[in-house]
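Participant: With the sequence up front, the predicted model follows.
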Amino acid sequence: QVRLVESGGGLVQAGGSLRLSCVASGHYAMGWFRQAPGKEREFVSSISWAALNTMYADPVKGRFTISRDNDKNTAYLQMNGLKPEDTAVYYCAARRTGRTTVSRLRNEYDYWGQGTQVTVSA
């Protein structure tokens, strides 16, 4: 069993920035998803375990950047230009896969973190 530990959520004003972190040891593709109240969990971004490929949901393209430091077993989600509609619980997820694979599908991920709250005020 792989344990994912997220951190970095909080309250920020619109236009501000936050960086989320997710610690997960091993060779996994990593993904970030978010779930707002009353809505389904949605894909945000994914990075392959060798960091060769990345993928973003359209609403966050140009504002969010996913990265990873495999020496630290940590994936990051840098969120700039935050908007009130970005308010959600953010989850990281890990998928056992090859060096280049990224995925936006929830059911392709094997492990999930506990979630961290991001609140963006207007």
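Facilitator: Received it, and whenever you're ready, just let me know what you need.
Participant: so who does the residue nearest to residue 30 when sequence neighbours are not counted touch?
Facilitator: Nearest residue to residue 30 in three dimensions, chain neighbours excluded: residue 75, at 4.0 Å (C-beta to C-beta, 6 or more residues apart in numbering). Where you see a C-beta, it was placed from the backbone N, CA and C, and this is true even at glycine. By C-beta atoms under 8 Å, 6 or more residues apart in numbering, residue 75 lies in contact with 21-22, 24, 30, 32, 47, 66-68, 92.
Participant: Go again with 7 Å.
Facilitator: Counting by C-beta atoms under 7 Å, 6 or more residues apart in numbering, residue 75 touches 22, 24, 30, 47, 66, 68, 92.
Participant: Report the two of the residues you listed separated the most.
Facilitator: Farthest pair in the contacts of residue 75 (C-beta to C-beta) is 24 and 66. Separation: 13.6 Å.
Participant: if we can go back for a sec, please report how far the residue nearest to residue 30 lies from residue 64.
Facilitator: 13 Å (C-beta to C-beta, to the nearest Å).
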